[in-house]
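K.L.:
Quick one: sequence and predicted model below, then my questions.
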Amino acid sequence: MYRIRFHGRGGQGVKTASQVLGTAFFLEGYEVQDAPRYGAERRGAPVFAYVRAAHVPIMERGVITRPDLVVVADETLVPIPAAGVLQGLSERTVLLLGSAERPETWQDRLKVPGPVLTLPVAAQTGDHGVLPQIGASCAGAAARLLGVIRRESLARALQEEIAKFGSAAVAANLECALAAFDAMAPHAGLVAASAEIGAGDYQAPEWVDLPLEEAAVAAPDIHGALTSELAITGTWRTHTPMIDYERCNRCSWICSTFCPDSAIKVAADHTPRIDLDHCKGCLVCVAVCPPHAIRAVPEREATPENPR
Ligand code: SF4
Ligand code: SF4
């Protein structure tokens, strides 16, 4: 059985990558499971998706804890513990990172036991956040590393999975997927299938079991006010919303009302200000501003020279 885990940020096409790879496996005659895992309305937050493929019925369920291949669309996720990128890596796990840095640099930095490869997807697009072609690149690279998916099956799977986005999106994603497939030719078949994991080998998740108690005891009471301020969701962003105050007509309520995190405060003179510690970059404000006074700037370009 092949076990593949994709990691990325909400909006980077990781879910689509797993669907494309799953369908490509299916076209090659495999039984397939693919599933994403993410919360609601989480653009920029760590998400992952996984694919299992085998020539026999797949009885395993749940998240993949012992992957054969881990594909990381966004290198900035590596140091984030909640992303769990390095979870379960063994000496036979291939780690593919979306990064312009050399594999040797990452191998030295992470000291992971298995092979490390890089896919310079961010460099290709020139923009860390312009996606979801990154997802397509990851699917294409993964297909070649597995060595059991033909180029035409990858292309057909991608066309089937993203046809709903229109022919221009299909063409752009297909180009990225096939380029990544070709770029991984020297490593074709590097990922080997692993044996089925029997029930006797089951590893319980590392969660803490809580005893069942009456709701009056077990239900949480939060007595401290404003605790959500302590969650700095600004680290989730791939894009920063930037207000053009020349264009903003101080309507005073639309962006601040629609912001799901209440991260836009309006001053007494009706000027909106974005709280970047708590703006997670969902870009709802960009979509709703009537005079298009808010634009999305890739996070890496939001520098002091280009004030936010
Ligand atoms: S919605 Fe647009 S125009 Fe209205 S306050 Fe916000 S930025 Fe200004
Ligand atoms: S300020 Fe804009 S991008 Fe940031 S969380 Fe609010 S709506 Fe989303």
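P.N.:
Nice, I can see it. Ligands and ions are numbered 1, 2, ... in the order given.
K.L.:
what about the helices in the stretch 101-250 of the chain?
P.N.:
103-110, 121-125, 133-146, 151-162, 167-183, 215-218 (DSSP state H, counting those that start in this stretch).
K.L.:
how about those helices in CSV, adding mean pLDDT and distance to ligand 2?
P.N.:
C-beta coordinates here come from the backbone N, C-alpha and C atoms, glycine included. Shown next, in CSV, are those (pLDDT from 0 to 100; distance: least, Cβ to the nearest ligand atom, whole Å):
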stretch, mean pLDDT, distance to ligand 2
helix 103-110, 94, 30
helix 121-125, 50, 20
helix 133-146, 94, 20
helix 151-162, 96, 25
helix 167-183, 93, 23
helix 215-218, 78, 32
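K.L.:
Around ligand 2, pick out the residues from the stretch 151-300 of the chain.
P.N.:
The stretch 151-300 of the chain comes close to ligand 2 at residues 241, 259, 261, 263-264, 274, 279-285, as judged by Cβ under 6 Å from any ligand atom.
K.L.:
which of these lies closest to R43?
P.N.:
For those, the residue nearest R43 by Cβ to Cβ is C282; the value is 4.6 Å.
K.L.:
Quickly note the distance from that closest one to S194.
P.N.:
To S194, C282 is 38 Å away according to Cβ to Cβ, to the nearest Å.
K.L.:
on that earlier part again, would you mind finding the most buried of the helices of the stretch 101-250 of the chain?
P.N.:
Counting by mean count of other Cβ atoms under 10 Å, helix 133-146 has the highest mean neighbour count of those, with a mean of 29.
K.L.:
Now rank the residues of the stretch 151-300 of the chain next to ligand 2 by neighbours and give me the top one.
P.N.:
If you count neighbours using other Cβ atoms under 10 Å, the busiest of these is G281, which has 27 neighbours.
K.L.:
Need the phi and psi values for that residue.
P.N.:
As for G281, its main-chain torsions (degrees, to the nearest 10) stand at phi 80, psi 30.
K.L.:
One more: S99?
P.N.:
Main-chain torsions, S99, degrees, to the nearest 10: phi -160, psi 150.
K.L.:
Need the pLDDT of it.
P.N.:
Here, the pLDDT recorded for S99 equals 91.
K.L.:
which ones are touching it?
P.N.:
E75, W106, T118, L119, P120, A122 (Cβ atoms under 8 Å, 6 or more residues apart in numbering).
K.L.:
What pLDDT is listed against P272?
P.N.:
96.
K.L.:
partner residues bridging it?
P.N.:
Beta-bridge pairing for P272 (DSSP bridges): V266.
K.L.:
so who does it touch?
P.N.:
In this structure, P272 makes contact with I243, C248, R250, S252, C255, S256, I264, K265, V266, judged by Cβ under 8 Å, 6+ apart.
K.L.:
restrict those to those near ligand 1?
P.N.:
With the criterion set as Cβ under 6 Å from any ligand atom, the members of the contacts of P272 near ligand 1 are I243, C248, R250, S252, C255.
K.L.:
Considering those residues, which possesses the most neighbours?
P.N.:
That'd be C255 among the ones next to ligand 1 among the contacts of P272, by other Cβ under 10 Å, with 25 neighbours.
K.L.:
SS state for P79?
P.N.:
Here P79 is coil, with the state taken from DSSP: H, G, I helix; E, B strand; the rest coil.
K.L.:
Sorry, wrong one. I was asking about P67.
P.N.:
Under three-state DSSP, the three-state class of P67 is coil.
K.L.:
does it really touch L86, like I thought?
P.N.:
No - counting by Cβ atoms under 8 Å, P67 does not reach L86; the two are 10.3 Å apart.
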